[in-house]
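**Student:** sequence unknown, structure follows:
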């Protein structure tokens, strides 16, 4: 009887420790899906990527194709919006100018109506000479 009284707390403590260990291991395996899983190497074209993410931030051209770089979204909202002057015909033959805001190309409306944003990390995409994705580097 004395042996059971001593072993129960130890067994309970061991079981609790093992349970917490498995819980920590399983929670470490949880992950969020990548936002660029839809890009299929050898199938997705440059036009589809530009439609989803907008124009790239940097384009490096080579004889066998090109590599484009998409930089991550800016986290801070302290940058003022960019505007360009837009000229249009005004009354009595005059030219009227107004400032038009530029929408930065960090995402665009996809074909199904949802907004695809860029990844939070820099993304490089290498295209072949025909504009098909050959490599996706994050």
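**Tutor:** Structure's in. What do you need? These numbers come from a predicted model, not from an experiment. Numbering: from 1, shown residues only.
**Student:** hmm, which helix or strand of this structure has the shakiest average pLDDT?
**Tutor:** Using mean pLDDT, DSSP states H and E, the weakest-scoring helix or strand in the chain turns out to be strand 107-109, at a mean of 45.
**Student:** low-confidence ranges in this structure?
**Tutor:** The chain contains residues with pLDDT under 70 at 1-13, 15, 19-35, 73-80, 103-119.
**Student:** rerun that using 90 as the cut-off
**Tutor:** Along the chain, the model assigns pLDDT under 90 to residues 1-38, 52-54, 62-65, 71-122, 137-138.
**Student:** that one: strands as residue ranges?
**Tutor:** In the chain, the strands defined using DSSP state E lie at 58-62, 65-70, 83-89, 95-101, 107-109, 115-117, 123-128, 133-137.
**Student:** can I assume residue 64 is in contact with residue 129?
**Tutor:** Yes - between residue 64 and residue 129 a contact is recorded at 6.5 Å, counting by C-beta atoms under 8 Å. All C-beta spots, glycine's among them, are computed from the backbone N, C-alpha and C.
**Student:** any idea how many residues pack against residue 91?
**Tutor:** Number of residues near residue 91 (other C-beta atoms under 10 Å) recorded here: 6.
**Student:** so who does the nearest residue to residue 129 once chain neighbours are set aside touch?
**Tutor:** Take residue 129 and drop its neighbours on the chain: the residue closest to it by C-beta to C-beta, 6 or more residues apart in numbering is residue 65, 5.2 Å away. Going by C-beta atoms under 8 Å, 6 or more residues apart in numbering, residue 65 touches 126, 127, 128, 129, 134.
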